[in-house]
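**Q** predicted structure and sequence below. I'll ask about it afterward.
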Amino acid sequence: MSVAEEAWSVADREAMALALAEAGEAAAAGEVPVGAVLVSAAGEVLGRGRNRREARQDITAHAELEALRQASANVGSWRLDGCRLFVTLEPCHMCAAACRQARVAEIVFATRDPKTGALFSVDQLYERPPHFHDPLIREGLEQEAARQQLRDFFASLRRRNRRLAGRGFSRGALRDARVSGVLGRNADVDVDDGTDIGTDIGTDDGTDIG
């Protein structure tokens, strides 16, 4: 559910600020900017994560899963009862299912993912059985900040790929050859048709942000 600005606590805002910082680190490394932190019921940060799918060439290297793994290592258990996940982008099916399996109590996300978001955008996973350990869902905390991170990243990606396209690199080379780093493979970039990728995050950006 969306939450009014005044309903967010100081602790909520601090946790999402940490998630946004993780997303910023992902962007600096050439990854789509998604960040997550997991906090205990007492407010202790147990795990942090950011998107590392390109760096690791691992489809499971999502921010949420990295935060869950780190938290489980810290507490010595896969059971994360009572914990809260703060993440900058609506989780996909894989991450939402992992949160349920880990018994996460609550998921707070900043902005929706219209292509792969499993909580509201393309599915309402927790509305379907089996209903066990379904987390509470809240959305909208630092929504504009998270959207802006994504817009800025994809705008930079487009500019870079257009420059390379002007030097003769094909669309396929930009996507598959990892020209000068990982940025060339982070998204399905249409360098020839001017497709505006990533400027309408939270509405319909048409980009595989994972």
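**A** Looks like it came in fine.
**Q** need the contact list for A36.
**A** 19, 22, 48-50, 63-64, 66-67, 85-88 (C-beta atoms under 8 Å, 6 or more residues apart in numbering). Every residue, glycine included, has its C-beta placed from N, CA and C.
**Q** whoops, R52 was the one
**A** R52 makes contacts with 26, 29, 31, 58, 61, 66, as judged by C-beta under 8 Å, 6+ apart.
**Q** if we can go back for a sec, in strands, which of the contacts of A36 appear?
**A** Among those, DSSP state E puts 48-50, 85-88 in strands.
**Q** just put the contacts of A36 in JSON lines and tack on neighbour count.
**A** Below are those laid out as JSON lines (neighbours: other C-beta atoms under 10 Å):
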{"residue": "A19", "neighbour count": "31"}
{"residue": "E22", "neighbour count": "25"}
{"residue": "R48", "neighbour count": "19"}
{"residue": "G49", "neighbour count": "27"}
{"residue": "R50", "neighbour count": "28"}
{"residue": "A63", "neighbour count": "31"}
{"residue": "E64", "neighbour count": "31"}
{"residue": "E66", "neighbour count": "22"}
{"residue": "A67", "neighbour count": "31"}
{"residue": "L85", "neighbour count": "30"}
{"residue": "F86", "neighbour count": "31"}
{"residue": "V87", "neighbour count": "29"}
{"residue": "T88", "neighbour count": "31"}
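**Q** Q149: which of those is nearest?
**A** Within the contacts of A36, the smallest distance to Q149 is 7.0 Å, found for T88 (C-beta to C-beta).
**Q** residues contacting the residue lying closest to the closest one once chain neighbours are set aside?
**A** Nearest residue to T88, sequence neighbours excluded (C-beta to C-beta, 6 or more residues apart in numbering): A146, at 4.2 Å. By C-beta under 8 Å, 6+ apart, the contact set of A146 is 20, 23, 88-89, 110-111, 201.
**Q** can I get the host helix or strand of A146 in CSV, CA atoms only?
**A** For A146, the element it lies in under DSSP states H and E is helix 143-166. Taking Å, rounded to 0.1, in the frame of the first residue of the first chain, the C-alpha atoms of helix 143-166 are listed here in CSV:
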residue,chain,number,x,y,z
GLN,A,143,10.0,7.2,-4.5
GLU,A,144,11.2,10.2,-6.5
ALA,A,145,14.8,9.8,-5.4
ALA,A,146,14.8,6.1,-6.6
ARG,A,147,13.2,7.1,-9.9
GLN,A,148,15.7,9.8,-10.4
GLN,A,149,18.6,7.3,-9.9
LEU,A,150,17.1,5.1,-12.6
ARG,A,151,16.5,8.0,-15.0
ASP,A,152,20.0,9.3,-14.6
PHE,A,153,21.5,5.9,-15.1
PHE,A,154,19.6,5.2,-18.3
ALA,A,155,20.1,8.7,-19.6
SER,A,156,23.8,8.3,-19.2
LEU,A,157,23.7,4.8,-20.8
ARG,A,158,21.8,6.2,-23.8
ARG,A,159,24.3,9.1,-24.3
ARG,A,160,27.2,6.7,-24.1
ASN,A,161,25.8,4.2,-26.5
ARG,A,162,24.8,6.8,-29.0
ARG,A,163,28.3,8.2,-29.0
LEU,A,164,29.7,4.6,-29.6
ALA,A,165,27.0,4.0,-32.2
GLY,A,166,28.3,7.2,-34.0
